[in-house]
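>>> Quick one, what's the 3D model for this:
(2 chains)
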Amino acid sequence: MSVARRPAEADDRRGRFFLRAHSGLIYVFLYAPIAILVLFSFNRARQTAVWEGLTLDWYRILLHDDLILSAVRNSLIVAAACTFTATVFGTLAALALGRHEFPGKGMTRNLLYLPIIIPEIVVGAALVTFFGVIELRLSLWTVILAHVVFSISYVAIVVRARLSGFDRSLEEAALDLGARPLQTFWRVTLPLILPGIVAGALLVFTISIDDYVITSFVAGVGATTLPLQIYSMLKVGVTPEVNAVSTLLLALTIGLIAAAQRLQQGPSERGEGTD
Amino acid sequence: MKDWSRILATGLIVLIQAGCQGKGKKPAADAPSSQAKRLNLYIWSAYIPREVLDAFTAKTGIAVRFDTYDSNEAVLEKLQSGVAGYDIVVPSDYMVRILIQQKLLQPLDKARLQNVKNLDPLFLGRKFDPDNSYSLPYVWGTTGFAYNKRKVRGSVDGWGVLFDPSNRGRILMLDDMRECFAVALKYLGHSLNSKDPATLKRAADLLKRQKPLVKTYNSADFGNILAAGDVDYAHGYNGQFAKLVAARPDTFAYVIPKEGATIWMDNVCIPVKARNLDSAYAFLDFVMEPEINARIVNGVSYASANVPARQFIEPGILKDPAIYAPEAAVARCEFLEDIGDTTTLLDQYWTEIKAQ
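Predicted coordinates for the structure are as follows:
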């Protein structure tokens, strides 16, 4: 190496070092609390801030805790029902907006973002008032309905993004070759936008599983979901059981988000341009 | 899209209702008590042992569905919706007053509750419900402070330690306006419901001078923070401290200060829209049975107002001042009451204190 190049190289190395250190610190800042939460779910002490050694007891207690198990069941029922409904209707909405011209289309498209932008607490309060007015008893049904309200938007937005890069000539080719419109939809359109639909569904599933604010408004008898249950347990002081259930929830959420991201990249893009 | 989803939601609701009406007059979830005996209970978390609910079902054949909440405001919100469907709720003293004012509770028919006689008169007829027309005491406790005995020399029996400059950085106070003013007012020798502007000014000044000594204001996790050793004195509700003191009695102690403190009480009530009234009355009477009540106290470690139950309660719990405050201490305590417009003044002072 020549003498002239040395300072530049040193600069480069120093720059890279600082960039790495900086990135490292950011990740520590973001994930250290979560790591500690997970770590303390294996803590033998009853208090959450004192370390007394490893144990799996909290997971064992968790698996025998009727309240938590029924809350988990409720959460899964709500998330599954809401994901199915929101995915169907959200996809239909995205297709309508992406494909067709109709009066009020611009308005409808803008309104699509509203349930995401409006503060959750407003949505929750509005829904509970609405249910009161139509005298619909609060139950697991009202939780599902409430979740569908905001979930449709997410699905529609994700699917619309997928549709925007869609090559219409493929459909035209299918129609040209004699496929009926419905056949074209099932054989050509749907497979192409499927990654978007699945990504939307997974996203909505995790949002539904996590939701506290809206659910706390609209949950009725026997409709306590996992986030509501955890929150009510905090009143008597956090035990590592809360850490244990949070850890499991975290694992589920991370798994689903990762799956959603992979699918959103789509089979063609996957492996390209990733860093 | 908001409208869109609303229309969809309304459509679904109409469908559901139509579907249910096809089957019977009422939606299935609303089955009246005469058909299926059930009880919908809305209660604080960790407030009733599972085995007590099982015993209730075994005795009466009434199936219990229960949900837990984390704040009195949750009860208010659910009952205000008018469609919550709970038959029993367990709000705290001040919330009972609000629920009565908003006509969300129904008067109790005492003739149907033969076990009311078991309740200690000391806990009846309090200002939030003077004739106990709408509520009966379920459990009660105090707001005092706990301290780390290993870090503190000498005996500690009053609020003074929380205002002592030598304890700078070792104090935790509840992040609660009324509770903090209660401490200051009691320390100065006044009622914690005082409305006198001059008195409140002095209390506010005291709290402002205390601020630099306070390490943190916290209402959720105060027991854990004391346990972790981050502070040596922690102001707080007795429940979390009772568990801490029971686990490490040689390290921690709970104090109901000699100047007096706050007493709180959670009460069983029947919402005005309760549908399973027979079940609700059966449940109220059941939890006031001495042996059952003792099982609740032994299970949840909160004090009840039931006198004959005491013979069945574990002596350790009965003697623990962090759970059963001695009668003399209770006499020094006051309930927080609605202080009307004075709240605005306190809000102003509290903002000044917190912003300081």
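>>> Can you list the residue ranges for strands in chain A?
Using DSSP state E, no strands are assigned anywhere in chain A.
>>> Just name the shakiest helix or strand of it by mean pLDDT.
helix A:240-269 (a mean of 78; mean pLDDT, DSSP states H and E).
>>> Can you give the distance of it from its chain's centre?
8 Å (CA atoms, centre = their mean, to the nearest Å).
>>> And for stretch B:72-86?
16 Å.
>>> Roughly how far does B:Leu346 sit from A:Ile61?
42 Å (CB to CB, to the nearest Å). For glycine as for every other residue, the C-beta is placed from the backbone atoms N, C-alpha and C.
>>> okay, those two: which has more neighbours?
B:Leu346 (18 against 14; other CB atoms under 10 Å in any protein chain shown).
>>> How about the secondary structure of the more buried one?
What DSSP: H, G, I helix; E, B strand; the rest coil gives for B:Leu346 is helix.
>>> which residues sit in contact with it?
By CB atoms under 8 Å, 6 or more residues apart in numbering or on different chains, B:Leu346 lies in contact with B:Met177, B:Arg178, B:Phe181, B:Leu200, B:Ile339.
>>> Check the burial of the third one by counting its neighbours.
Residues lying near B:Phe181 (other CB under 10 Å) number 25.
>>> related to what we said a few turns ago, which other helices and strands contact the least confident helix or strand of chain A?
If you count contacts as 3 or more CB pairs under 8 Å, 6 or more residues apart in numbering or on different chains; DSSP states H and E, helix A:240-269 packs onto helix A:6-40, helix A:57-63, helix A:140-164, helix A:190-210, helix A:226-233.
>>> Check which helices and strands the shortest one is in contact with.
Helices and strands touching helix A:57-63, as assessed by 3+ CB pairs under 8 Å, 6+ apart, comprise helix A:240-269.
>>> Give me the buried positions along the helix it packs on.
A:240-249, A:252, A:256, A:259-260, A:263-266 (16 or more other CB atoms under 10 Å in any protein chain shown).
>>> isn't B:Gly236 right up against B:Gly223?
Yes. With contact defined as CB atoms under 8 Å, B:Gly236 reaches B:Gly223; the gap is 6.8 Å.
>>> what's the overlap in contacts for these two?
B:Ala146.
>>> residue ranges of the strands in chain B, please?
Using DSSP E, strands in chain B cover B:38-44, B:63-69, B:88-89, B:135-148, B:171-173, B:214-217, B:233-237, B:252-255, B:262-269.
>>> Check which helices and strands the shortest one sits against.
When you say that, I think you mean strand B:88-89. Packed next to strand B:88-89, using 3+ CB pairs under 8 Å, 6+ apart, are strand B:38-44, helix B:72-81, strand B:262-269, helix B:277-287.
>>> and the nearest residue to A:Val213 once chain neighbours are set aside, what is it in contact with?
Excluding the flanking residues, the one nearest A:Val213 by CB to CB, 6 or more residues apart in numbering or on different chains is A:Glu120, at 4.0 Å. A:Glu120 makes contact with A:Phe150, A:Asp211, A:Val213, A:Ile214, according to CB under 8 Å, 6+ apart.
>>> mind checking which of the strands of chain B is nearest B:Leu53?
strand B:63-69 (4.9 Å; CB to CB).
>>> Return the list of strands paired to that closest one, each annotated with direction.
In the sheet, strand B:63-69 lines up against strand B:38-44 (parallel) (DSSP bridges).
>>> Give me the angle between the strand it pairs with and strand B:135-148.
Interaxial angle of strand B:38-44 relative to strand B:135-148 (axes from the mean of the first three to the mean of the last three CA atoms, to 10 degrees): 30 degrees.
>>> Direction-wise, compare strand B:38-44 with strand B:262-269 and give the angle.
Using the same axes, to 10 degrees: strand B:38-44 against strand B:262-269 is 170 degrees.
>>> where does the stretch 201-350 of chain B come near chain A, residue by residue?
Proximity of the stretch 201-350 of chain B to chain A (CB under 8 Å from any CB of the partner chain) is limited to residues B:220-221, B:223-225, B:227-228, B:230, B:239-240, B:243-244, B:247.
>>> Which of those are buried, as a PyMOL select command?
One line in PyMOL is enough to select the buried members of those, burial here meaning 16+ other CB under 10 Å:
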select buried, chain B and resi 220+221+223+224+225+227+230+239+240+243+244
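>>> Make TSV from the residues of the stretch 201-350 of chain B next to chain A and add pLDDT and distance to A:Ala201 to it.
Formatted as TSV, these follow (pLDDT from 0 to 100; distance: CB to CB, whole Å):
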residue	pLDDT	distance to A:Ala201
B:Ala220	78	35
B:Asp221	80	36
B:Gly223	88	42
B:Asn224	85	39
B:Ile225	88	41
B:Ala227	89	43
B:Ala228	86	42
B:Asp230	90	44
B:Gly239	85	42
B:Gln240	85	41
B:Lys243	85	43
B:Leu244	89	45
B:Ala247	87	46
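>>> Name the nearest of the residues of the stretch 201-350 of chain B next to chain A relative to chain A.
B:Ala228 (3.5 Å; CB to the nearest CB).
>>> Go ahead and confirm the closest one touches A:Ala45.
No. B:Ala228 is not in contact with A:Ala45 according to CB under 8 Å; the separation is 10.2 Å.
>>> Can you verify my assumption that B:Cys333 contacts B:Glu259?
No. Checked against CB under 8 Å, the pair B:Cys333 and B:Glu259 is beyond contact range at 10.4 Å.
>>> Please consider this matter closed, and thank you.
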